[in-house]
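Participant: here you go, sequence then predicted model.
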Amino acid sequence: MQIARDWNVKASGSGFVTRFEVDAAYVAHFPIQIVGGAVHTEYWIPAQELAEFNANILGVIEVTDTFPPAAAEVGR
């Protein structure tokens, strides 16, 4: 949520938090990256593998939070 609110809004004009499942065996070959601090970890999926990544999503993608442009100022 912090990245979507504080970074994505400033960089892109809005931020979104999503939740979804990915096949564990597929995603296991991607390293986990630390971004901005130890509490922010994420998988970095190369753009050329996006179609394969999407094919390994299980179920639906749920948007759990949205942050319009003004939300970045409120979070400070």
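Facilitator: Arrived safely. Everything numeric in this text was worked out from a predicted model, so none of it was measured.
Participant: now do the biggest strand by length in the chain, average pLDDT.
Facilitator: Longest strand in the chain, counting residues (DSSP state E): strand 57-67. Mean pLDDT, strand 57-67: 97.
Participant: against which helices or strands is it packed?
Facilitator: strand 15-22 (3 or more C-beta pairs under 8 Å, 6 or more residues apart in numbering; DSSP states H and E). From N, CA and C alone the C-beta is placed, and that goes for glycine too.
Participant: list the buried residues for the strand it packs on?
Facilitator: Residues of strand 15-22 classed as buried: Gly15, Val17, Val22 (neighbour count, 16 or more other C-beta atoms under 10 Å).
Participant: just stretch 51-64 next, same as before
Facilitator: Phe53.
Participant: who touches it?
Facilitator: If you take C-beta atoms under 8 Å, 6 or more residues apart in numbering as the criterion, stretch 51-64 is touched by Phe16, Val17, Thr18, Arg19, Phe20, Glu21, Val22, Asp23, Tyr26, Val27, Ile45.
Participant: can you tell me the closest non-neighbouring residue to the fifth one?
Facilitator: In space, not counting the residues next to it along the chain, Phe20 is nearest to Ile61; the distance is 4.4 Å by C-beta to C-beta, 6 or more residues apart in numbering.
Participant: Val35 too?
Facilitator: Glu42 (6.1 Å).
Participant: residue ranges in this protein under the pLDDT threshold?
Facilitator: 70-76 (pLDDT under 70).
Participant: many thanks, I have nothing further to ask.
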